[in-house]
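S.K.: the sequence and its predicted three-dimensional model are supplied below.
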Amino acid sequence: MFDSLKEKLGSFRKDAEEAAEENAEELDPEDADVADGEVVDAADVDGDETAAGGEATDDVTASTDAATAVDDADTVDADTGTSDADAVGATDAETVDADAADASAAAVDADADDDDTDDDESSKSTGFARKAKSLATGKFVIEEEDLEGPLQELEIALLSSDVEMGVAQQILDNIREDLVGETRKFTESTGSVVEEALRNALYDVISVGQFDFEQRVAEADKPLVIIFTGVNGVGKTTSIAKMARYFEERGMSSVLANGDTYRAGANEQIREHANALGKKLIAHEQGGDPAAVIYDAVEYANANDVDVVLGDTAGRLHTNEGLMDQLEKIGRVVGPDMTLFVDEAVAGQDAVQRAKQFNDAAEIDGAILTKADADSNGGAAISVAHVTGKPILFLGVGQGYDHLERFDPDRMVDRLLDDDE
Ligand SMILES: Nc1nc2c(ncn2[C@@H]2O[C@H](COP(=O)(O)OP(=O)(O)OP(=O)(O)O)[C@@H](O)[C@H]2O)c(=O)[nH]1
């Protein structure tokens, strides 16, 4: 699933990491760790600094001790007149004092350099000053120019995977915002920094509009009425059957209603599923009123204590006024709890555009993307929520009734980025 996109995202990660590490290499080509492209552990950097500081402190302490010793020795000297040991002690003390003074001077210099760098930052447009400072502070900054190439590649990769243009742009903006110019410690490997930015960028667009489906179901008055819309042949009827199984597994009964009174053969098709699942089907003659079918199904559910009504509709585009009228009438007559848009992941951009059109015509509550198992691109799965503002709630992952998966944005991102998914 989504293998092609996964591969492209992997390439971006690699390119961006390499670009960032080249930057680190520029910081200190002689540093073996950095030159190798490995990231210097901040603990080492900090540790060295602390060690240096520690020595300076020791020196000062030694100096104080030595001075005390000299004082004592002077006293002794006055008393005894023996001076060799005192002279040595005094010399040591002076040396230590001098070291301490040097260390302090160096520390002051370093502070002064730091301030200079801060002052210069606004005036120096090149990243050099920051890079130099990065080395001194054990931190690094990813410059926009470091990412330019990889981001361009990523844009092409996303578009060629059927990610909608605005969504691709949003992902790039998120990554830029997350990565560029932020000062980071060397403890964060560039690999994890890039991966986290990509993860957040994807999650941000994929998770739009998510709500707790189970909670909404639990809180709704029974029967819960769900209407399914979408064009013909994308797996709408199969998804209704899968939802019947989904509710059954959660201890909830359901009745199927064929509101697709438009298409010849629609009754037979959904009846096959109803029979296979042992569910009641409410259907009228071809050409009947879809709202009347759903109404009858709700009546049946009320009379028989059925928890959920799953209503199919004819799959016509909103450009056909019939769709609007149909859904509007169902809304008026039955007042469904949810309207779910169904389309196939493999349709890519077409599915994204249809989701937008259906949502514009008659507001949907969420989407089911079918045939995700056969989709290598993942563009629709990434784009639908961001484009419509409504969440993807389920993925169809095969032809069996159990092949329905609750859509989880975290899992989706894991699928796209983790090697073992
Ligand atoms: N691989 C795969 N096939 C699916 C999935 N969902 C549905 N299908 C298949 O897609 C085909 C069309 O499914 P239907 O449920 O008949 O499509 P529909 O949208 O109801 O079509 P109409 O009834 O003509 O509107 C069938 O062969 C299904 O088995 C899925 O998640 N994965």
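M.R.: Noted; the coordinates are in hand.
S.K.: alpha carbons only for contacts and neighbour counts from here, please
M.R.: OK.
S.K.: could you verify that residue 395 is part of a strand?
M.R.: Yes: assessed by DSSP: H, G, I helix; E, B strand; the rest coil, residue 395 belongs to a strand.
S.K.: count of residues packed around it?
M.R.: Using other Cα atoms under 10 Å, residue 395 is surrounded by 25 other residues.
S.K.: touching, residue 197 and residue 179? I think so.
M.R.: Yes: contact status for residue 197 versus residue 179: in contact at 6.6 Å, counting by Cα atoms under 8 Å.
S.K.: quick one: buried residues of stretch 163-170?
M.R.: 163-164, 167-168, 170 (16 or more other Cα atoms under 10 Å).
S.K.: CA atoms of stretch 407-421 as PDB?
M.R.: The C-alpha trace of stretch 407-421 is given here as PDB (Å, rounded to 0.1, in the frame of the first residue of the first chain):
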ATOM      1  CA  PHE A 407      -8.400   5.500   9.200                       C
ATOM      2  CA  ASP A 408      -5.900   6.600  11.700                       C
ATOM      3  CA  PRO A 409      -3.700   9.600  10.600                       C
ATOM      4  CA  ASP A 410      -0.800   8.400  12.900                       C
ATOM      5  CA  ARG A 411      -0.900   4.900  11.300                       C
ATOM      6  CA  MET A 412      -1.100   6.500   7.800                       C
ATOM      7  CA  VAL A 413       2.000   8.500   8.500                       C
ATOM      8  CA  ASP A 414       3.800   5.500  10.000                       C
ATOM      9  CA  ARG A 415       2.800   3.600   6.800                       C
ATOM     10  CA  LEU A 416       4.400   6.200   4.700                       C
ATOM     11  CA  LEU A 417       7.600   6.700   6.700                       C
ATOM     12  CA  ASP A 418       8.400   3.500   8.600                       C
ATOM     13  CA  ASP A 419      10.400   0.800   6.900                       C
ATOM     14  CA  ASP A 420       8.600  -2.100   8.600                       C
ATOM     15  CA  GLU A 421       5.000  -0.900   7.800                       C
END
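S.K.: isn't there a helix covering residue 177?
M.R.: Yes: counting by three-state DSSP, residue 177 is part of a helix.
S.K.: state the distance from it to residue 171.
M.R.: 10 Å (Cα to Cα, to the nearest Å).
S.K.: and if you look at residue 371?
M.R.: With Cα to Cα as the criterion, residue 371 and residue 171 are 24 Å apart.
S.K.: mind checking which of these two has more residues around it?
M.R.: residue 171 (25 against 22).
S.K.: and that one, its phi and psi?
M.R.: phi -60, psi -50 (degrees, to the nearest 10).
S.K.: kindly report the same for residue 257.
M.R.: phi -130, psi 130.
S.K.: ok, now residue 19?
M.R.: phi -60, psi -40.
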